[in-house]
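Enquirer: Below: sequence and its predicted model.
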Amino acid sequence: MSVRIRLATSLDRDDIRDVHLSAFPECESQLVAELAANLLNEDTDPETITLVAEAGGQVVGHIAFSPVTADSRNRWLGYILGPLGVKPEHHKAGIGSKLVKSGIGQLSEKGVNVVFVYGDPEFYRRFGFSVEAATRFLPPYELKYPFGWQAMTLHESGTNERAVQLSCAASLRNPALW
Ligand SMILES: CC(C)(COP(=O)(O)OP(=O)(O)OC[C@H]1O[C@@H](n2cnc3c(N)ncnc32)[C@H](O)[C@@H]1OP(=O)(O)O)[C@@H](O)C(=O)NCCC(=O)NCCS
């Protein structure tokens, strides 16, 4: 079945919620579905990018990338990937990878310097994310699983060895998500 990746609109809200309610374990699915819906609404500057994957005319996957800001860096652009989910009956068909690659391609074209993700390194390293690239960047909240904090540099922004504190979009300002 062919898969199409497109920008999401507010009409996709219920489908996006359904993706995450079915993709994530019950203990976290409500929280993630809520986050996905909130990010779809959130007016950030620069803009939050939300993509959906459609197969057979149905939304079967979703990914969001929202901006993060660094305390001391004016002309630096950072984004964080999350959430990402694919409906279980469509797993292992390359849809999750397609969503990640498509989003990262768009961010790279926008000149974004660094993309972050908080997730399983086993999955994200295949795209070029690494724990090492994230070490100088302090996440907005204390992490329950610090080994999941990763980054990928898309465009170098000069050397700076100082630790950098990151802030995130309002939808992500919930310690339960970290
Ligand atoms: C993770 C997820 C988005 C992958 O979607 P998908 O469409 O199945 O991904 P793809 O088909 O592009 O890639 C699947 C590959 O990733 C692997 N994979 C999936 N989840 C993984 C994980 N947690 N750790 C390691 N590898 C993982 C699969 O085994 C598969 O490997 P293969 O290519 O060698 O067969 C999907 O499994 C999902 O929605 N999971 C529940 C929600 C979730 O965990 N989201 C990510 C939060 S960090």
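Expert: Nice, thanks for sending it over. Numbers count the residues shown, from 1 in each chain.
Enquirer: mind listing what Pro175 touches?
Expert: Pro175 makes contact with 141-142, according to C-beta atoms under 8 Å, 6 or more residues apart in numbering. C-beta here means a position set from N, CA and C on the backbone, and glycine is covered the same way.
Enquirer: Tell me which residue is most central in the chain.
Expert: Leu81 (1.4 Å; C-alpha atoms, centre = their mean).
Enquirer: Okay, and the beta partners of it?
Expert: Residues in a beta bridge with Leu81, per DSSP bridges, are Phe65, Val117.
Enquirer: Do a quick rundown of the strands in this structure.
Expert: 3-7, 49-55, 58-70, 78-86, 114-118, 137-138, 149-153, 164-167 (DSSP state E).
Enquirer: For the ligand, which of the ones you listed is the nearest?
Expert: strand 78-86 (3.9 Å; C-beta to the nearest ligand atom).
Enquirer: on that earlier part again, quick one: the strands of the chain as a markdown table, columns for mean pLDDT and distance to the ligand too.
Expert: Rendered in a markdown table, the data for the strands of the chain read as follows (pLDDT from 0 to 100; distance: least, C-beta to the nearest ligand atom, whole Å):
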| stretch | mean pLDDT | distance to the ligand |
| --- | --- | --- |
| strand 3-7 | 97 | 9 |
| strand 49-55 | 98 | 8 |
| strand 58-70 | 97 | 6 |
| strand 78-86 | 98 | 4 |
| strand 114-118 | 98 | 7 |
| strand 137-138 | 96 | 18 |
| strand 149-153 | 98 | 10 |
| strand 164-167 | 94 | 18 |
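Enquirer: Tell me the spacing between Phe1 and Lys92.
Expert: I think there's a mix-up here, since residue 1 is Met and not Phe. Shown here: Met1 relative to Lys92, a distance of 13 Å by C-beta to C-beta, to the nearest Å.
Enquirer: Repeat that for Lys101.
Expert: Where Lys92 is concerned, Lys101 sits at a distance of 16 Å (C-beta to C-beta).
Enquirer: I am finished for the moment; much appreciated.
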